[in-house]
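In: have a look at this fold, sequence not included:
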């Protein structure tokens, strides 16, 4: 499986929004600092592993794209671009060209009709070097083709092959090419010329060589990637045009998007990728009628980030690059859902000093501001001689972290059954505020809104929040008389009608229940009091809703009050109503 690369586009930096604030983390003197992370990449736009997971969940490519690019629509290209120029190599002192499946013709001035230089036979490798402001071509034996140099700084060298089904491999470009034409330029001749390699080919054919994700992935994920790649390329073409610095429209690496030519089409499951591109021909992502900037990342760790947090660009300029929950990223095949990096104090200090300046030995981190996904926007670094503030992207770069969605010295990653529930809730609980704690018979993890509990015996996972959760905690939580939750809280207001004019709900536990009434509040019932109450109709019965939780007297009896009475139970379990 080819490693997935995430695409990055440089965007102007400006002020960012005020993010979520989390507490800092410090390591003791001499102790290592551990980063617990999830995701790989910048966390913006479409998550490739997320698309993989969502496709396996039955999402269509349109669903995937319009989810990750909020508020967008799919449309057809209004005006198809012509030829596209892709930079494959620059600054090379030699380029090696190997002919495959047919001869490769070399010419100067133009691809067709130019002055012929020679023809590389099948299986042979020729070399091109810059000499005295021209091209010197060496055949497989090392002899200079034609006995002299060819072309000049204003007369380029071309390799043609696609018109007769041949291919050419250029190791300096990192791939084999079967489409378009190769153009060689002479550059930086004031300091001794170097070679630049450009691939020229039709726009739609360019997409057939995009190597961002494995071709064996689910078809809807491939289709989503094809549309995102097409939209990204078209955005760059229309926004920037031909870039003089590279004499190209796009580069073939992760600064734009990975291009591998024939290695994609002719690789494992290549026909599936071709099908994905062909079946989406001309389809692009648009926002308010214009092509969108469809950046993508390898893995978002479960939530993408707002553009302003990662790149500093105001979100208002690209509102469709707002962070969204990603319930597809947590898939078994994704290797980036949970990772750890550990640094000694010395290594941490050395890595951060280019960004912090000399603040002495780093001992830990202070206040950390986070975006909606939990990625670090900025963090205070504590040193022996002072503090400094660095951005999340600087932290990621300095430490070579896969992502800046990290927790420092405390593992708050959301995993397992709790993660599955969290994803099903579309991240509604917010960011985690605690580690996942093992409880007798289950587990618990706290979030900005409530907590998610796992009941192992029943195989159920429950989100508790609001008044029901607050009352559960007051009653002792999972270690108290109620035990673990056994089902999701339910709204009982509709069933009770006039008894709940402004809302009622309940949460069921192993040994009791918590009721909430908008007018009365939330109260927990358990033990004999609860059994007696529930046996007489519960909230539907003559007692109405509870107005207190279960209380214990000095003699061991228990009691609770209700809208229409009191239930008291002795130590022997006999109960009476009053």
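Out: Structure received. From a predicted model like this one, the values you see are computed outputs, not experimental measurements. Residues are numbered from 1 along each chain as shown.
In: which helix runs longest in this structure?
Out: helix 219-240 (DSSP state H).
In: grab the nearest non-local neighbour of the spatially most central residue of the chain.
Out: Nearest to the geometric centre of the chain sits residue 300, at 1.8 Å (C-alpha atoms, centre = their mean). Among residues not flanking residue 300 along the chain, residue 47 sits closest, at 3.9 Å (C-beta to C-beta, 6 or more residues apart in numbering). For the C-beta atoms, the positions are set from N, CA and C on the backbone; glycine is no exception.
In: check the one you found and give its pLDDT.
Out: We have a pLDDT of 98 for residue 47.
In: again, but for residue 9
Out: We have a pLDDT of 37 for residue 9.
In: so the residue nearest to residue 300 bridges to which residues?
Out: For residue 47, the beta-bridge partners are residue 297 (DSSP bridges).
In: please report how far it lies from residue 38.
Out: 11 Å (C-beta to C-beta, to the nearest Å).
In: list the residues that contact both of those two?
Out: Contact criterion C-beta atoms under 8 Å, 6 or more residues apart in numbering; residues shared by residue 47 and residue 38: residue 299.
In: so the two - more neighbours on which side?
Out: Taking other C-beta atoms under 10 Å, residue 47 and residue 38 do not tie; residue 47 has more neighbours (32 against 28).
In: for that one, what are its contacts?
Out: Counting by C-beta under 8 Å, 6+ apart, residue 47 has contacts 68, 296, 297, 298, 299, 300, 304, 326, 328, 329.
In: surely the last one and residue 297 touch.
Out: The one in question is residue 329. No. With contact defined as C-beta atoms under 8 Å, residue 329 does not reach residue 297; the gap is 9.9 Å.
In: overlap in contacts, the two.
Out: Contact criterion C-beta under 8 Å, 6+ apart; residues shared by residue 329 and residue 297: 39, 47.
In: still on that earlier bit, counting only strands, which of the contacts of residue 47 make the cut?
Out: Under the assignment DSSP state E, the contacts of residue 47 contribute 296, 297 to strands.
In: just to revisit the earlier point, now the residue nearest to the centre of the chain: how far from residue 578?
Out: The spacing between residue 300 and residue 578, counted by C-beta to C-beta, is 58 Å.
In: likewise residue 286?
Out: 69 Å.
In: same check, this time on residue 357
Out: Counting by C-beta to C-beta, the separation of residue 357 from residue 578 is 73 Å.
In: now residue 259
Out: Counting by C-beta to C-beta, the gap from residue 259 to residue 578 is 81 Å.
In: look at the two and report which has more neighbours.
Out: Neighbours around residue 259 and residue 578, counted as other C-beta under 10 Å, are more numerous at residue 259. The numbers are 28 against 8.
In: and the more buried one, what pLDDT?
Out: Looking at residue 259, its pLDDT is 97.
In: repeat for the one 5 residues further on
Out: Here, the pLDDT recorded for residue 264 equals 98.
In: contacting residues around it?
Out: Neighbouring residues of residue 264 by C-beta under 8 Å, 6+ apart: 208, 209, 210, 211, 215, 270, 273.
In: find the residue closest to the fifth one in space, skipping its chain neighbours.
Out: With C-beta to C-beta, 6+ apart as the criterion, residue 215 has its nearest non-adjacent residue at 3.7 Å, and that residue is residue 269.
In: likewise the last one?
Out: The shortest distance from residue 273 to any residue other than its chain neighbours is 4.1 Å, reached at residue 215 (C-beta to C-beta, 6+ apart).
In: part of a strand, is that neighbour?
Out: No. With DSSP: H, G, I helix; E, B strand; the rest coil as the criterion, residue 215 is coil rather than part of a strand.
In: residues near residue 511, how many?
Out: With other C-beta under 10 Å as criterion, residue 511 counts 15.
In: contacting residues for it?
Out: Residues near residue 511 by C-beta under 8 Å, 6+ apart: 481, 482, 483, 526, 527, 530.
In: inside helices: which ones of the residues you listed?
Out: Per DSSP H, the contacts of residue 511 map to helices at 527, 530.
In: closest one of the contacts of residue 511 to residue 309?
Out: Using C-beta to C-beta, residue 482 comes nearest to residue 309 of the contacts of residue 511, at 39.4 Å.
In: nearest residue to the closest one other than its sequence neighbours?
Out: Spatial nearest neighbour of residue 482, chain neighbours left out: residue 509 (4.0 Å); criterion: C-beta to C-beta, 6+ apart.
In: beta partners of the one you found?
Out: Residue 509 has these beta-bridge partners by DSSP bridges: residue 485, residue 512.
In: need the pLDDT of it.
Out: On pLDDT, residue 509 comes in at 98.
In: tell me the contacts of it?
Out: Going by C-beta under 8 Å, 6+ apart, residue 509 touches 472, 482, 483, 484, 485, 486, 526.
In: now with 6 Å, please.
Out: 482, 483, 485 (C-beta atoms under 6 Å, 6 or more residues apart in numbering).
In: any weak-confidence spans in the protein?
Out: Within the chain, the segments meeting pLDDT under 70 span 1-30.
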